[in-house]
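Visitor: Quick one: sequence and predicted model below, then my questions.
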Amino acid sequence: MVKIDYDSERCKGCHYCVDVCPKDVIRVSGEINEKGYEIVAFDQPKCIGCGSCYTICPDYAITITKEV
């Protein structure tokens with residue numbers, strides 16, 4: 001099982017994570033955070049825990065943990 005922790009207030013709306021996800025788990029949500037950036041949403045059950053989104057996020061808004 002994979003757990004995605006996402007701090008939407010750190011997100012600056014670059015959407016690099018959307019582009020890099022190999023399983024299309026991440027999508028642009030249409031919601032705006034307090035800073036005025038369009039944030040993303042996750043389809044967590046589809047996540048394979050590859051960590052690509054975590055690695056590419058310049059704002060450290062995403063953390064992936066594998067639960068046992």
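Guide: Happy to help now that I have it. Model, not experiment: these values are computed from the prediction.

Visitor: which of the residues in stretch 14-31 are buried?
Guide: 15-17, 21, 25-26 (16 or more other CB atoms under 10 Å). Quick note: C-beta positions are derived from backbone N, CA and C, even for glycine.

Visitor: from those, which is closest to I4?
Guide: Taking CB to CB as the measure, I4 lies nearest V25 of the buried residues of stretch 14-31, at 8.0 Å.

Visitor: on that earlier part again, out of the buried residues of stretch 14-31, the closest to S52 would be?
Guide: The nearest member of the buried residues of stretch 14-31 to S52, counting by CB to CB, is C21 at 6.2 Å.

Visitor: Now do the same contact list for the residue nearest to Y6 when sequence neighbours are not counted.
Guide: Spatial nearest neighbour of Y6, excluding adjacent residues (CB to CB, 6 or more residues apart in numbering): I62 at 5.5 Å. By CB atoms under 8 Å, 6 or more residues apart in numbering, the contact set of I62 is 4-7, 17, 53-54.

Visitor: Where do the strands of this protein begin and end?
Guide: 2-6, 26-32, 38-42, 62-66 (DSSP state E).
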